[in-house]
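Peer 1: starting from these lines, generate the structure:
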Amino acid sequence: NTSYGTNGNVTIGGAYGMWPRWNGGLNLNHRSARFNVYGSYNYSHREQQQDLGLYRSLTEHNELRVYDQTNSIRQQSGYQAGKIGADYFISKGHTIGVMADVASSNRDNPSYSTTRMGNGRIVDSVLYTTPNDASRWRRGAYNINYRGILDTTGKELNVDVDYARNTNRQYDEILALTRDALGKGIFGSDTTRSNQPSNIEIKTAKIDYVHPLKNQGKLEAGVKVSFVTSDNDARFDSLRGHSWVLDENRSNHFIYKENINAAYINFNKQYKKLNVQVGVRGEQTHITGNSMSVKGEQDREVKNDSSYFNLFPSTALTYTLNKNNTLGLTYSRRIQRPGYEDLNPFEFYLDRYTKEAGNPNLKPQYSNNFEITHTFRQFLITSLGYSHTRDMLTKILEADVDQAT
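Peer 2: Residues are numbered from 1 along each chain as shown. Reported below is the predicted structural model:
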């Protein structure tokens, strides 16, 4: 059997823009009659710069105030990942496998911010801020799977059970100094630091089944259950003299829990020149967001619960006009949930006037997508598409009042 034996590859790459970056990796695979064993290791180093400008004007006590801010952030990161797995061929058509995937990343983002403040004509003070942001991220993901061809007609069963845990330790120290317009006299200074550990645990199980039908037809169905817990604990401290003092207004412990139960069915069949695919997926979702350090009107924890059910149909029609031309028409309804960082109310500061935070009340966004395609000789594809999205997820800038000041 020519597929037996050992094979692998080595990769190495590099580039240089404003800063250097490089990567390398090794992949190995060994196959025998009963076993397939594989492993890989990859490493990458990246350095890049991000420049951000913010210009804000507002009325304060019937006077115009202008904040003209520039930020320069140098991002440095090192990433490494290793994977090992094995497949055991129980018998012809039946395979069981295991896999472990671990990764780590160290990131340092020293930055510098200058904010010129005044009435739009005259600058009366300048805020200099030097945040130093660092994080240490670790991941472990583990999988057990089964693949089976059940009979000679092609009935197929796939089972996957997964567990993953991500940990992130983020540290930030911010030194802020306010001087006069000439950059000389000091009006005030403050130093704050934060320690923001987070843990994300993901458990999933899914089963997929393929059932062949007569005359080139196929029916597919599956179910999936997932449980996610995201635990984020942020502590902010302010330097008072020679001692660090807990900042209760900014410190927060946020726990997010998500359970999704999903099932789908899909039909595919070839009718002479027309191929038809029709399917639908149903999802029931339950979410709990708990800010244990954010107090409500009755001095208790703030908890946000939501449950919802959705159906997501999809259709694809492909018609062969002749040997050179094919037409296609597709429709699908899709969901995109906010990321865990988007839901996290933790606050990240560029300076004392500029912060970024997630919103635990975010809802998913939904889109309806249509597309018409024409394929010529299997190499030239022309398409026309339309997508309509509701409740779109995006970042916004808004004026706010900082509770701490």
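Peer 1: how close does the residue nearest to the spatial centre of the chain sit to V228?
Peer 2: The centroid of the chain falls nearest to G339 when counting by CA atoms, centre = their mean (5.4 Å). G339 sits 11 Å away from V228, going by CB to CB, to the nearest Å. Where C-beta positions appear, they are placed from N, C-alpha and C, glycine not excepted.
Peer 1: R46 against S77, yeah?
Peer 2: Yes: R46 is within contact range of S77, at 5.2 Å (criterion: CB atoms under 8 Å).
Peer 1: which residues do those two both contact?
Peer 2: By CB atoms under 8 Å, 6 or more residues apart in numbering, R46 and S77 have no common neighbours.
Peer 1: buried residues, the lowest-mean-pLDDT helix or strand in the chain. List them.
Peer 2: Within the chain, confidence by mean pLDDT, DSSP states H and E is lowest for strand 347-351 among all helices and strands, at a mean of 74. By 16 or more other CB atoms under 10 Å, the buried positions in strand 347-351 come out as E347, F348, Y349, L350, D351.
Peer 1: do stretch 217-224 as well
Peer 2: Residues K218, E220, G222, K224 are the ones in stretch 217-224 that count as buried (16+ other CB under 10 Å).
Peer 1: helix or strand: which one has the closest residue to the first one other than its chain neighbours?
Peer 2: Across the structure, with CB to CB, 6 or more residues apart in numbering as the measure, the residue nearest K218 apart from its sequence neighbours is N268 (4.7 Å). Secondary structure here is read from DSSP states H and E; on that basis N268 sits in strand 252-271.
Peer 1: how far is the very next helix or strand once past the least confident helix or strand of the chain from where the chain is centred?
Peer 2: Later in the chain than strand 347-351, the nearest helix or strand by DSSP H and E is strand 354-357. How far strand 354-357 lies from its chain's middle: 19 Å, per CA atoms, centre = their mean, to the nearest Å.
Peer 1: and after strand 354-357, which helix or strand comes next?
Peer 2: Sequence order places strand 365-376 as the next helix or strand after strand 354-357, per DSSP H and E.
Peer 1: packing partners of that following strand?
Peer 2: Helices and strands touching strand 365-376, by 3 or more CB pairs under 8 Å, 6 or more residues apart in numbering; DSSP states H and E, are strand 325-336, strand 380-390.
Peer 1: list the buried residues for that strand?
Peer 2: Per 16+ other CB under 10 Å, strand 365-376 contains these buried residues: Q365, Y366, T375.
Peer 1: nothing else from me, thank you.
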